[in-house]
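Q: Okay, sequence plus prediction incoming.
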Amino acid sequence: MNNINDSVLQVKGLSKSFLFEDQKIDVLHDIELSILEGMSLSIRGDSGCGKTTLLNLVARLEMGDCGEIFWGQHKMSASASCNSKEASLRSTFLGVVYQSYYLIPELDVLENVLIAGKLSGSYGPGVRDRARALLSKMGVGNKEKQIPTKLSGGERQRVAIARALINQPKLILADEPTGNLDERTGGEVMDLLLMSCEEENAALILVTHNPSFARATNESIFLKKGKLATE
Ligand SMILES: Nc1ncnc2c1ncn2[C@@H]1O[C@H](COP(=O)(O)OP(=O)(O)OP(=O)(O)O)[C@@H](O)[C@H]1O
Ligand SMILES: [Mg+2]
């Protein structure tokens with residue numbers, strides 16, 4: 001049976017507001033969230049309700065106003081986002097998949113995946129083999145020498161998923177990963193994302209507007225008025 005020590009992520013009392021033209025906008029209020037190893041969780045909510053903000057806080061790309069975040073058993077520092085311990089933990093703990101892919105246009109497909117391995121300090125034949133295996137699993141093994149601008153959106157997202165998985169992260173954050181894709185391609189990419197996270201035992205937090213994708217995750221929650229709630 002799972003216990004709280006199996007959590008890959010715990011968020012406690014997390015709040016976030018922004019200042020806009022001297023006005024304070026409260027986006028997230030007292031958020032509580034946890035996800036266990038290898039589990040998947042979807043988050044839905046109206047545009048502008050704070051889903052991307054929440055993922056950015058979990059990824060430590062932005063700082064909350066108050067609250068605590070644990071990556072596994074590691075309590076993240078309250079303010080400074082980029083201390084070196086967290087930076088090195090990030091590359092092996094976390095993989096991120098964005099709606100707009102964010103591949104590096106100057107690098108070919110294989111290099112785009114390998115660069116994430118390099119950043120984590122692991123580079124060698126084993127990483128190259130794993131990158132190739134992931135690209136094959138994603139159905140783009142034949143494109144490894146291609147540059148991203150010559151790929152379709154669906155192909156780019158398959159590469160981005162391989163990149164997110166290269167360091168065997170504990171947690172994948174995916175922010176509307178099929179938002180730019182047509183329905184059929186989006187469905188295929190989502191199936192690959194869910195299947196590969198399961199196979200790699202990576203937990204997944206999926207932000208999506210699509211109810212059927214949301215239902216495919218182990219747990220489905222909503223963000224509304226700054227709070228998380230189940231359906
Ligand atoms: N850096 C910022 N400065 C000021 N306001 C911000 C900033 N980032 C986000 N916001 C505001 O916070 C709110 C939440 O934005 P966020 O991008 O998290 O929404 P979202 O739920 O991801 O929406 P969508 O479904 O459209 O992607 C919005 O009102 C947005 O304008
Ligand atoms: Mg968003």
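A: Received it, and whenever you're ready, just let me know what you need. Ligands and ions are numbered 1, 2, ... in the order given.
Q: Going by C-alpha atoms from here, please, whenever you check contacts or count neighbours.
A: Fine.
Q: what does this protein put close to ligand 1?
A: 18, 19, 20, 27, 46, 47, 48, 49, 50, 51, 52, 53 (C-alpha under 6 Å from any ligand atom).
Q: give me that answer again for 5 Å
A: 18, 47, 48, 49, 50, 51, 52, 53 (C-alpha under 5 Å from any ligand atom).
Q: In ChimeraX, select just the buried ones from the residues you listed.
A: In ChimeraX, this line selects whichever of the residues of the chain next to ligand 1 come out buried by 16 or more other C-alpha atoms under 10 Å:
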select :49,50,51,52,53
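Q: The residues of the chain next to ligand 1 in strands, which ones?
A: residue 18 (DSSP state E).
Q: Report the two of the residues of the chain next to ligand 1 separated the most.
A: With C-alpha to C-alpha as the measure, no two of those lie farther apart than 18 and 47, at 16.3 Å.
Q: can you tell me the helix or strand for the residue positioned nearest the centre of the chain?
A: Closest to where the C-alpha atoms of the chain average out (C-alpha atoms, centre = their mean) is residue 173, at 1.5 Å. Element membership for residue 173, per DSSP states H and E: strand 171-175.
Q: So what's the gap between whichever helix or strand comes after that strand and the chain middle?
A: For strand 171-175, the following helix or strand on the C-terminal side (DSSP H and E) is helix 183-200. Once both centres are worked out by C-alpha atoms, centre = their mean, to the nearest Å, helix 183-200 turns out to sit 13 Å from its chain's centre.
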